[in-house]
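Structure of the sequence below:
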Amino acid sequence: MAINIKKTRNFGIIAHIDSGKTTVSERILYYTGKSHKIGEVHEGAATMDWMKEEQERGITITAAATSVEWNGHYMNLIDTPGHVDFTAEVERSCRVLDGAVVVFCSVGGVQAQSETVWRQADKYKVPRMVFINKMDRVGADYFNVVGQIKDRLGGTPVPIQYPVGGGDELEGIVDLVHQKYYTFEGKNGEELVVHDVPESEADRFAENREFMLEAIAQESEDLMEKYLEEGDLSEEDIKKGICHGVYNYLFQPVLCGSALKNIGVQPLLDAIVDYLPDPESVHNMNQFDLEDKLHENPIPTKPDPNAPLRALVFKVMSTPHGELSFIRVYQGKMKTGDQIYCPNQQKKERASRLVKLHAMQQNAVDEIEAGDICAVVGLKFAATGETICFENDQAILEGISFALPVISMAIEPASNADKEKLAHALAKMEREDPTFTRYIDGETGQLIISGMGELHLEVLQHRLLDDFKVEAKVGTPRVSYREAITKDVEVRGKHVKQTGGAGQYGDCVIKIRPLTDEEKAAGHEFIWVNSIKGGAIPKEYISSIEAGCLAEFSRGHVAGYPIIGAHMELIDGSYHDVDSSEMAFRAAGALAIREALPKLGVELLEPWMKVEVETPDEFTGTIIGSLNAKRAMISETEPRGVTTVVRGETPLGEMFGYTTDLRSMSQGRAAFTMEPGDYKSVPRSMVEEIAKKS
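Numbering: from 1, shown residues only. The predicted structure is shown next:
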């Protein structure tokens, strides 16, 4: 399917939960003619929330993709979840998007998960614009939210619209670029009526337009010169200036409206076309040669359909119609029936069908070119983050890094008949969701599943029953502790065994140190460096030493939890022409770590969560007291009208069941959100108790 790359927009809608992302998406589908009826989230009828769990809970759980057309432009839209437990959906979407619309509630403003999605967009350098939604709500404050974006997110918001009226009095929107005033008529706001800016708005219009012009001009010498000479800029210059600011991450244009009341969505679509980049303008995906294991020599991909194929699998999903692998093509093209190759797994695949999705409706296409997004039916091995290329011309693309699971629980089939079905279903869900893992506990023999939160595991449990028809019993949730090293050590592991026949000989010297903050921020759990010179150890044994080291680290030292955060450098060793083998060197690596563990200063870590509680003022003291009792560190309290927002951090292990506690403390009127923070040391007084339980 050939596309005009300059008229293509790959964008996502990202935000805190309950900011109105899916409602904005539904209006986009309606106004672009993709849907003939508006599906409402609160009625469980949103097109993009197709899963049963989403419709019942009124939240988005899985990122949904669709494609629409607006003013001659072709758009791939991804609607992402806002709940922290499903943050992986935002992570993988940000990896493949060329732009994002960040939605904020005009009353709630910048909330806990707003910060997370903003940082995820920063991480993958996603250009973005802001849409301040729910301007029809009582207490709506457009410019207060603009200020919060600057103060709390470190953003550079530049309003290019502002609302006239607010709450029940919301009348329309003033557009500072086109110098017009918009109202929205008709049953569903489909008729955009353009007026001159009212006289009553003259002063406010002049003040806000001057701020916009100065913000745009100061990012470009040519525009600044023109602005100083003429005192104004043409509409064409303003648009060029906004594009320059957005493409180079200098500022974020801010728009407003009320998706629920059908106000402001058509101008948002115009702005997406005008200001978010096409796949060619911000193409920033690198590829690496297969021999470049540490990814030290990036080679830019080029959005050219005639170049060798480079595509990234960013999501795998089981649906009622089979398994789908969502891909973004960065270079080259792929056709239905092509035999493709997964270099990470060294597996051949066949693309049985290529489909464009509208939520769960599939439309077959013959081919897909650079710059486009689609789903592939029939891939058996490709997991999230897998590169797709052709076998005769291979490379690996930059992958996607995900947060570690923070909560675990035991699971077992309700009957022997469900045993095999459970294993099959869990394997499928693990392939779909990189933040969901499963393993057998070596001590108890129990099957343990891990995820990002109580809701995450609850939804997975319901999916087992609804989608896979598997009955399963689960235990109570428990925290996924980790262990970390705090000291540097140089250690030798020498495995020598003579048993009458061929012996075993493996010898390695390894330098071990904790990862730096920068290395952790880049998403590394371990770094392995081979510094062997002169063939002291043959190349074929290096990976065996690494495997032995990692296996030993996974057993833990303090309480049996996996050790993370180690930099290992192989600096020396020796081998025997006859007795050395992969098994002997794996044993040598494990022995080196066993020797090192008592000297590495291993400490127990627990996951801490960033917590935000919004409560009516009269309960603030009680709620702060309850958080302090949970070892919380309160960072700030912020008055917000008749409510107070309490922010801080607290250990995850203290927060199980907090929803019920909070309801009883506040007569059901307070609400809270959590998102993963850092792993922090467990107090010494608790280590022994945790070690006993584990």
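
contacts, neighbours, all on C-alpha from now
Will do.

in stretch 152-164, what's buried?
Buried residues in stretch 152-164, counting neighbours by 16 or more other C-alpha atoms under 10 Å, are found at 155-164.

Those in strands, which ones?
157-159, 161-164 (DSSP state E).

Now the two most distant members of these.
P157 and V164 (19.1 Å; C-alpha to C-alpha).

got any ranges where the chain has weak pLDDT?
1-2, 35-64, 81-87, 112, 320-321, 358-360, 442-444, 500, 694 (pLDDT under 70).

Longest strand in it, please.
Max-length strand for the chain by DSSP E is strand 603-616.

Can you tell me the strand partners of that strand and which way each runs?
Strand 603-616 has its sheet partners listed here by DSSP bridges as strand 482-484 (antiparallel), strand 643-651 (antiparallel), strand 671-681 (antiparallel).

could you dump these to a markdown table with distance to C389 and mean neighbour count?
Output for these, formatted as a markdown table (distance: least, C-alpha to C-alpha, whole Å; neighbours: other C-alpha atoms under 10 Å):
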| stretch | distance to C389 | mean neighbour count |
| --- | --- | --- |
| strand 482-484 | 36 | 26 |
| strand 643-651 | 43 | 21 |
| strand 671-681 | 35 | 18 |
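
how about the ones you listed in JSON lines, adding distance to V117?
Shown next, in JSON lines, are those (distance: least, C-alpha to C-alpha, whole Å):
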{"stretch": "strand 482-484", "distance to V117": "25"}
{"stretch": "strand 643-651", "distance to V117": "18"}
{"stretch": "strand 671-681", "distance to V117": "11"}
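
just so I know, which of those strands lies nearest Q120?
strand 671-681 (12.9 Å).

helices or strands up against the helix or strand just after that closest one?
From strand 671-681 onward toward the C-terminus, using DSSP states H and E, the following helix or strand is helix 684-693. Packed against helix 684-693 by the contact rule (3 or more C-alpha pairs under 8 Å, 6 or more residues apart in numbering; DSSP states H and E) you find no helix or strand.

what residues are up against the residue lying closest to P538 once chain neighbours are set aside?
Distances taken as C-alpha to C-alpha, 6 or more residues apart in numbering put Y575 closest to P538, at 7.9 Å, once the chain neighbours are dropped. When contacts are counted by C-alpha atoms under 8 Å, 6 or more residues apart in numbering, Y575 touches 505-507, 536-538.

how much space between Y275 and P127?
To P127, Y275 is 10 Å away according to C-alpha to C-alpha, to the nearest Å.

same check, this time on E26
Distance from E26 to P127, by C-alpha to C-alpha: 23 Å.

what do you get for G523?
Taking C-alpha to C-alpha, one finds G523 at 22 Å from P127.

the more surrounded of the two?
Legend: neighbour count by other C-alpha atoms under 10 Å for G523 and P127, higher for P127 (26 against 13).

wouldn't that one be in contact with H244 here?
No - shown here, P127 and H244 do not form a contact pair, counting by C-alpha atoms under 8 Å, at 10.6 Å.

Of all the strands paired with strand 603-616, which one is nearest V613?
Checked against C-alpha to C-alpha, the stretch from these lying closest is strand 671-681, at 4.2 Å.

on that earlier part again, including distance to F619, could the ones in strands among the buried residues of stretch 152-164 go into a markdown table?
Formatted as a markdown table, those follow (distance: C-alpha to C-alpha, whole Å):
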| residue | distance to F619 |
| --- | --- |
| P157 | 34 |
| V158 | 36 |
| P159 | 36 |
| Q161 | 37 |
| Y162 | 35 |
| P163 | 33 |
| V164 | 35 |
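
wait, which of the residues you listed is closest to A427?
Closest approach to A427 among those (C-alpha to C-alpha): P157, at 43.5 Å.

what sits against G668?
L662.

Over to it: give its phi and psi.
Backbone torsions of G668, given as degrees, to the nearest 10, read phi 80, psi 10.

if I look at it, how far off is G139?
For G668, the distance to G139 - C-alpha to C-alpha - is 21 Å.

do the same with P298
49 Å.

go on, I485?
To G139, I485 is 49 Å away according to C-alpha to C-alpha.
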